[in-house]
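*Asks:* From the sequence below, what's the structure:
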Amino acid sequence: MKKALITGANKGIGFETAKQLLENGYFVFIGSRNYENGKLAVQKLNEVGFKNVEAIQLDVTDMTSILSAKQVIKSKTETLDVLINNAGINGGFPQTALEASAETFQKVMDTNLYGVIRVTQTFMDLLKKSNQPRIVNVSSSGCSLTLHCDPNWKYYNHKAALYPASKAAMNMYTINLAYELRDTAFKVNAVCPGFVATDFNGHRGTGTAEEGGKRIAKYAMIGNDDVTGKFISEEYNPETGETPW
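*Replies:* Residues are numbered from 1 along each chain as shown. Sure, this is the predicted structure:
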């Protein structure tokens, strides 16, 4: 049975991604900053018939928490097949380049960029033991530099200084990570779940968390001949998913 770790999986897109993987026979570790919230998520999954799931206390901004989570997972399995870096914060609104403080930028980066780096590097040795290791960094088409420079893009006027900057930086990390792992069995991609309604955006999204979870899970389960080092948004590009950086 393949094993997957999803950060920030106690609700929203992370929770729905967990359901998708469970339906496909994976054992899923639900990473949750608040352990009690993680246990509640597991209880909900148990109530609908999913048993191969466990809550793990994991705060991506706290190295002690990450190392502790690794020890718990390592005590149960020597191999991790999937890492989904889903945990993220939006930084609050409004987000203007002239008024958002450097301290606020730092806080958002600490979760959305540095958190991804911390977790990925910490769990790399377990991932390397998998025959088909997969890393999905949850991104957003809203961090595309190309699209944000295109006045014809439908979200052109939806500018925000904090969150897109953090995800654009994470995308660059994804490119480098995929490049360094190019001659291995790893598949590493940045994937946008789409503009879906969750607590994260005040439920203003036009899609569902289930739809977003399916898009993320899809790239966690891709085959050996599938893409790596790509920026995917099936909402933006329904045919291939490939999105301009």
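*Asks:* all helices of the chain, in order?
*Replies:* 12-23, 35-47, 63-74, 102-112, 114-127, 145-148, 163-180, 209-220 (DSSP state H).
*Asks:* Pull out the buried positions in the shortest one.
*Replies:* Within helix 145-148, the residues scored as buried using 16 or more other Cβ atoms under 10 Å are 147-148. In this view, the C-beta of every residue, glycine as well, is placed from N, C-alpha and C.
*Asks:* I would like the residues contacting it, please.
*Replies:* By Cβ atoms under 8 Å, 6 or more residues apart in numbering, the residues outside helix 145-148 that reach it are 141-142, 153, 155-156, 159, 164, 168, 236, 243-245.
*Asks:* One more: the longest one?
*Replies:* Taking contacts as Cβ under 8 Å, 6+ apart, the residues outside helix 163-180 that touch it are 85, 88, 90-91, 95, 105, 108-109, 111-113, 116-117, 120, 135, 137, 139-140, 142-145, 148, 186, 188-190, 228-229, 231, 245.
*Asks:* Run the angle between that helix and helix 102-112 for me.
*Replies:* Here helix 163-180 runs at 40 degrees with respect to helix 102-112, directions being taken by axes from the mean of the first three to the mean of the last three Cα atoms, to 10 degrees.
*Asks:* related to what we said a few turns ago, are any of the contacts of helix 163-180 buried, and which?
*Replies:* The buried subset of the contacts of helix 163-180 - by 16+ other Cβ under 10 Å - is 85, 88, 90-91, 95, 105, 108-109, 111-113, 116, 120, 135, 137, 139-140, 142-144, 148, 186, 188-190, 228-229, 231.
*Asks:* Return the residues in contact with the most centrally placed residue in the chain.
*Replies:* The residue lying closest to the centre of the chain (Cα atoms, centre = their mean) is Asn86, at 2.5 Å. Asn86 sits next to 6-9, 13-14, 17, 138, 216 when contact means Cβ under 8 Å, 6+ apart.
*Asks:* hmm, 7 Å instead?
*Replies:* Neighbour list for Asn86: 6-9, 13-14, 17, 138 [criterion: Cβ atoms under 7 Å, 6 or more residues apart in numbering].
*Asks:* Which one (most neighbours) among the residues you listed?
*Replies:* Counting neighbours by other Cβ atoms under 10 Å, the top entry in these is Ala9, with 33 neighbours.
*Asks:* Can you name the residues that contact the closest residue to that one other than its chain neighbours?
*Replies:* Setting aside the residues directly before and after it, Ala9 is nearest to Ile30 in space (Cβ to Cβ, 6 or more residues apart in numbering), at 4.5 Å. Ile30 makes contacts with 6, 9-10, 18, 38, 41-42, 53-56, as judged by Cβ under 7 Å, 6+ apart.
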